[in-house]
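J.: A predicted structure for the sequence below; I have some questions about it.
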Amino acid sequence: MSATIFLFLCLPAALVAQTTYQCPDSTWKLFLRTGDRAWCIKYNDGRLIRDDAEKACRIQGGTLTGFENEEEFAYIRDTAFEAFKKFNLPDGGAYWLDGIRSPNCHGPNNNGCTRLNAFQWSNNLTQGTFAFTKCPAILTLIFRGGEENCVQGSFHYVLPDIRGHIFDFPCSEKDVKVGLSSHSAIHGYVCGTSAKKIGSKNEEEDCSPEDKEEEDCPAEDTEKGDCPSEESEGTRPSTASAQKLANQ
């Protein structure tokens, strides 16, 4: 009985890992963050104090959000700007974001804290200090301490360059005090939530047998059942097909 050896190359076919993320629904916008994280953001209208805005976000399955990069900042800014048009605000308006004053940055001149460390995120869902660079340098009193211990995004129509930048504002207020510009009055809030990971493709290897040995069987051996015939292999129904046929 002779044997014929067929050599097959085993070629790696590694697939780039792909993960699909999904937000709760189409009212949320998906963003990819560093460290294999994905984040959903949603703007909402609402004249609320900070704690009530946080509660409203939690009802929607999220929390007040910060932003980690220019793409997230631009989306929040532009979405809020469009939403504010219907309010016909004369000076501008503001919306709540995440961010609370750091414990050691209270007091005169923020106890020496800078705009990059005067505030911190209320949880670890937003990371980094990029957002705090959006405090405009033109306002030297920004992050000045006192009662203004929460973060808002704001539009100042008289100063169009200040569009969506962040400011400090009293957590328990939604309106500005008499005599101050109404551009800091709260008219909305922005929620965020982690995107759901719904699928992935891991690295795979598509290989054929490196050494496949097939025996060249005489016809008489095939007839005896010692070796399978090409016809029997090619026409044998799969297990699923067999089960389907059995159920007919």
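T.: Ah, there it is.
J.: please parse the chain into its domains.
T.: Residue ranges of the domains in the chain are recorded as 18-198, 218-248, according to automatic domain parsing.
J.: how about these in JSON lines, adding mean neighbour count?
T.: For every residue, glycine as well, the C-beta is placed using N, CA and C. Conversion of the domains of the chain to JSON lines gives the following (neighbours: other C-beta atoms under 10 Å):
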{"stretch": "domain 18-198", "mean neighbour count": "17"}
{"stretch": "domain 218-248", "mean neighbour count": "10"}
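J.: can you list those domains in CSV and add mean pLDDT?
T.: CSV is the format used below for these (pLDDT from 0 to 100):
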stretch, mean pLDDT
domain 18-198, 91
domain 218-248, 42
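J.: for the top helix by length along the chain, name the packing helices and strands.
T.: The longest helix of the chain (DSSP state H) is helix 70-84. On a contact count with 3 or more C-beta pairs under 8 Å, 6 or more residues apart in numbering; DSSP states H and E, helix 70-84 meets strand 29-33, strand 37-45, strand 92-101, strand 150-156, strand 163-169, strand 186-194.
J.: which residues are in contact with it?
T.: Here helix 70-84 makes contact (C-beta atoms under 8 Å, 6 or more residues apart in numbering) with 29, 31, 39, 41, 43, 45, 67, 92-93, 95, 97, 130-131, 134, 153, 155, 163-164, 187-188, 190.
J.: look up the closest residue to Asn104, ignoring the ones flanking it.
T.: Asn111 (6.1 Å; C-beta to C-beta, 6 or more residues apart in numbering).
J.: for the one you found, phi and psi?
T.: phi 50, psi 30 (degrees, to the nearest 10).
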